[in-house]
Structures are given as C-alpha cells and as structure tokens.
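1. Just to be clear, the model below is a prediction. Sequence and coordinates:
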Amino acid sequence: MTAADGQAGAPTDERTGDHRTTPLRVALLGCGVVGTEVVRLLTTQADDLAARTGARLELVGIAVRDTATPRDAVVDAELLTTDAEELVTRADVVIEVVGGIEPARSLLLRAIEHGASVVTANKALLAQDGPTLYAAADAAGVDVYFEAAVAGAIPIVRPVRESLAGDRVRRVLGIVNGTTNYVLDRMTSEGLDLDQAVKEAQALGYAEADPTADVEGFDAAAKAAILASLAFHTRVSIDDVDREGISAITVDDVAWAERTGYVIKLLAIAERRDEGVQVRVHPALVPLAHPLAGVRGAFNAVFVEAEAAGELMFYGRGAGGAPTASAVLGDVVSAARHRVLGGKGPVESSYADLPVLPASSARTRYQVRLDVQDRPGVLAQVAALLADHGVSIEAVRQAPAPLGPDGGDGLARLIITTHEASEESLAATVAAITGHEAVRRVLSVLRVEGV
Ligand SMILES: NC(=O)c1ccc[n+]([C@@H]2O[C@H](COP(=O)([O-])OP(=O)(O)OC[C@H]3O[C@@H](n4cnc5c(N)ncnc54)[C@H](O)[C@@H]3O)[C@@H](O)[C@H]2O)c1
Ligand SMILES: N[C@@H](CCO)C(=O)O
Ligand code: NA
C-alpha cells in the first residue's frame, strides 16, 4: 500500500468521513501494560481514529510471547500470534511495546525494511541505538515516532523536536521517571522504606519489568539522552549520561530534606554549555517552593529553558498503561496521516554534533549533612576545610545529633549548603571532612537544583 492510494479521488465513507475505504494495517508487538491499553484505544476509538486519519486503522495482529496467557477481554484472541517476524511484514504501521533491545530492534528494522512506519515506547532502545533506526527509516522513506518513550502521556518529544525547532534550548530539567517519583513521594509522605514503595509502584503498573531500571536511574538516563539529542541536535547515548539512582536515599535523608526546606527528586538534567552539552541523572534537593517540588506520585514534569521562548513546563502522567497508550495513539495517527495524505514526519537532527562533556564539568550547589564532636572550634575547622578547597558556604544549620545506635551524646549535626562548586572540588572537600578527627560521620551529600 502506498500513500498515493489514499489521495484525492478515493471514495469517502459516509459514516466516518474516511477519505478512503482501504484500511491501514496496524501491527502491535507486545501486549502487556501498555499494549493492552493500545488495543483498547484502537478498538473503542476506531471511528474517531478513522475520521482523524482518513482511513480505518485495522489491527491485523498482536505479537505475544505466549498466546495462552489470560488477557483483558478487549484483546481479540484471534489476533494473537507468536510470529512477530512474519507479522511486521504485513503492516503499514507497526507499534512496538515489547521493550528491551532485542528482539525489539530487529523487529523494528524488519518492519521498516518492509515499508512500515514505526511507533515505539522503547526509550532503552532509542537511547542506545536510535540512530540505526532513524537512518533505516530515512532510507526507506517511513516515519519513526516515539512520544511515549519520554515522560509517557506528556507531549514533550514533539514540542522539543518540532515546536522549538526555531529556538535554541539552553537547559532541560525534568522528573521523567514515575516509579522513582512515586517511591520518593511515598517515603516522604508515609515514611515507607524504598522496597515497600517500589512494590506499590510495580502493582500500579508504573515500574519497568525489572525495577532496577527505574530505581538505579537507567530509565531516566535513557530519557535524558533522548531529550538531550532532540534539544541540542547532537547524538547523546545513554552511555554519555552521568547516572546515579535513588537506592542510597534513606527515609532519614527524605525527612531531613523536608526539615531544611527541600524535597528529594530524581532529576534528569541536560545543559548546553559554551564547550558542549552535559547530561546527568541524580537525586537532588529541590526547594519546596519550586514547581517541581509539587510534582507528586507517579506524575512527571519537564522544564525547558529556551533562549527565545523562555521557560516552559510540561506536566502530566509519565507512566501507566492508558496514559502511555494515549501518546502511542497520537503517534499512530501522525504516521497514518502520512500514509493517507503523503508527507513524512521529522527525521533525526544531529547536525550540531556538540561534544558531550564529562560529569566532572558539572557545577552545582551541594548540601552536606554530618555529625561532629560538639566542642569549641569544630565548626570553624570544618568551614576552613571547605575554604581550603575553594568551596563557598551559603548556609550552615546546626542541631543536636539525634541519639543513634552508637549514641548521639556530645555530637552536633551540621547541615552545610554550598554555593556552586565543581564536582571535583566537592569530592575533595568531602574526603577531607571525612578524615577530620572531630567528624564522626558524613551522613549524606546531595546536590541542590532548581534554585
Ligand atoms: N508501563 C509504563 O508506564 C510505560 C510508560 C512509558 C513507556 N513504557 C515502555 O513501553 C514498553 C512496554 O512496557 P510495558 O509496561 O507494557 O511492559 P510489559 O512488560 O507490561 O509488556 C511487555 C510485553 O511484551 C511481551 N514480550 C516480550 N518479548 C516479546 C516478544 N519477543 N514478542 C512479543 N511479545 C513480547 C511480554 O510478554 C509483555 O507482555 C517498554 O519499552 C517500556 O519502557 C512503559
Ligand atoms: N517505568 C517508567 C515508565 C515510563 O517510562 C516510569 O516509572 O516512569
Ligand atoms: Na511523552
């Protein structure tokens, strides 16, 4: 089937307003949390989708691992197949919601070779090997769409790739992983420990098949790489992203954050510097007054700072079957419209080819929490260690250290917030502080962002 099939002169379906009577063949790969909701939308919105695209979207097959697995009633058992390789050769649009690198990559490449446009939610694949897919699609004259791969339902890929194509993006700062935001939120509001909160996120369908991808920041790093590539017209892979997850964050960290006017969030940060771009994912203290601090539960939010546009904020559901399926269907409609009316979606833009800078080039503020001997001169000695390393103090708070298993008597807790410092000088400072005889323990070192 070619785009020309649906152009002027084709008959119009009176009920739906279709410009053509030949349906577009849609193949679905994967029928899990997202796939099931994609089927539901394709089924329940069939007439509207036909009117919006100009052709009926006919689901011609659903590739699954096991056809005997019990499924939602919306899934027609007749459409199930375990032969994904065959299925992708007989579709105009292939939707991939299997996840992982293989066989998703081979199946998408095969679909493209056979002339299908593809829609994927697979950030892991795009962040590792997106350019291979983009090049294949470009050569075949078909589309690759991936709105669902970053921040689920939130329109963010399209705005960065298309709406801001005439501007210069300076910085992207986002909460792009629903699971970790949910977990940190539950730790903050309910005092749950990390494992309990992860189990809840899994039960709610937010977490990846292996929640390590969420907890250790791999999922957010993949999204950061995709966003950075789009924002800076430069190839950024997941290997370029400096990544730290939330597994070391304790209920104590979360409680102290709140006491000092912050909330802990896992942030994805992509910045344009004079020398190149810097992309990182890590937990950070966000001031309670900052709009990102109010992003609760599994919600996501992305700030984009562009030279002409100024600050933009995108907010909504970043995970879950139905929200993610919404983004998938939006892409399916775009790809299908091109099939009907001709034309093509955006291709990869990597012309700027900026260097990706190492993590050590990042400059940010830090908060260091430590217990010290409560005697004259200790605070001055600790302050001198920061000064020796060129790290400027913004604020110091002191409180009696809470009694712990090894006692708290005679100890004071210091919470030191710094001005901007390089990662290198901060690390050297913390090493010096840790080695000081009056310091009992350094409890945490967290970056402060969004100030
Ligand atoms: N769940 C979310 O909130 C969410 C949000 C955004 C993006 N995504 C992405 O969407 C994709 C799917 O996520 P999900 O949550 O639906 O995962 P899932 O684990 O619920 O579903 C994936 C399905 O694919 C099936 N599968 C695995 N290998 C297969 C193969 N070779 N052929 C056919 N089927 C196969 C699995 O059996 C499973 O049913 C992933 O790339 C994920 O990163 C998920
Ligand atoms: N596991 C991901 C799904 C959305 O990509 C999350 O928690 O945000
Ligand atoms: Na999105």
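-> Received the coordinates, thanks. Numbers count the residues shown, from 1 in each chain. Ligands and ions are numbered 1, 2, ... in the order given.

2. near ligand 3, which residues of the stretch 151-300 of the chain?
-> Residues of the stretch 151-300 of the chain found near ligand 3, taking Cβ under 5 Å from the ion as the criterion, are 151, 154, 156. Where you see a C-beta, it was placed from the backbone N, CA and C, and this is true even at glycine.

3. pretty sure Leu386 contacts Ile393?
-> Yes: under the criterion of Cβ atoms under 8 Å, Leu386 is in contact with Ile393, at a separation of 5.8 Å.

4. who has more neighbours, the two?
-> Summary of the neighbour comparison: Leu386 and Ile393, criterion other Cβ atoms under 10 Å, with Leu386 having more neighbours (22 against 14).

5. The one helix or strand Val382 maps to packs against which elements?
-> Secondary structure assigned from DSSP states H and E places Val382 in helix 378-388. Using 3 or more Cβ pairs under 8 Å, 6 or more residues apart in numbering; DSSP states H and E as the contact test, the elements touching helix 378-388 are strand 363-373, strand 393-400, strand 411-418, helix 423-434.

6. would you turn the ones you listed into TSV with distance to ligand 2 and mean pLDDT?
-> As requested, the helices and strands packed on helix 378-388 are exported to TSV (distance: least, Cβ to the nearest ligand atom, whole Å; pLDDT from 0 to 100):
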stretch	distance to ligand 2	mean pLDDT
strand 363-373	24	96
strand 393-400	32	92
strand 411-418	29	95
helix 423-434	26	95
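
7. between these, which gets nearest to Ala308?
-> strand 363-373 (25.0 Å; Cβ to Cβ).

8. For this structure, what lies in contact range of ligand 1?
-> Along the chain, the residues adjacent to ligand 1 under the rule Cβ under 6 Å from any ligand atom are 29-35, 63-65, 84, 97-99, 103, 121-123, 148, 152, 205-206, 208-209, 319-320, 324.

9. ChimeraX command for the buried members of those?
-> Provided next is the ChimeraX selection string for whichever of these are buried by 16 or more other Cβ atoms under 10 Å:
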select :29,30,31,32,33,34,35,63,64,84,97,98,99,121,122,123,148,152,205,206,208,319,320,324
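
10. can you tell me if the strand or helix carrying Leu125 touches ligand 3.
-> Per DSSP H and E: Leu125 is located in helix 123-140. No: counting by Cβ under 5 Å from the ion, ligand 3 has no neighbours in helix 123-140; the shortest distance is 9.9 Å.

11. Now do whatever helix or strand comes next after that helix: distance to the chain's middle.
-> On the C-terminal side of helix 123-140, the closest following helix or strand by DSSP H and E is strand 144-145. On the basis of Cα atoms, centre = their mean, to the nearest Å, the separation between the geometric centre of strand 144-145 and that of its chain is 17 Å.

12. Tell me the neighbouring strands of strand 144-145, and mark each as parallel or antiparallel.
-> Strands adjacent to strand 144-145 in the sheet, as given by DSSP bridges, are strand 117-120 (parallel).

13. Now tell me what touches the strand it pairs with from outside.
-> By Cβ atoms under 8 Å, 6 or more residues apart in numbering, the surrounding residues in contact with strand 117-120 are 92-97, 104, 108, 111-112, 126, 133, 137, 142-146, 148-149, 328, 331-332, 335, 338-339, 345.

14. Now do it, average pLDDT.
-> The predicted model gives strand 117-120 an average pLDDT of 98.

15. which ones are touching the residue in the chain sticking out farthest from the centre?
-> The C-alpha centroid of the chain is most remote from Pro376, which lies 47.6 Å away (Cα atoms, centre = their mean). By Cβ under 8 Å, 6+ apart, the contact list for Pro376 is empty.

16. is it fair to say it lies in a helix?
-> No: using DSSP: H, G, I helix; E, B strand; the rest coil, the secondary structure at Pro376 is coil, not a helix.

17. which residue does the stretch 301-450 of the chain bring closest to ligand 3?
-> Shortest the stretch 301-450 of the chain-to-ligand 3 distance, computed as Cβ to the ion: residue-wise this is Ala327, at 4.7 Å.
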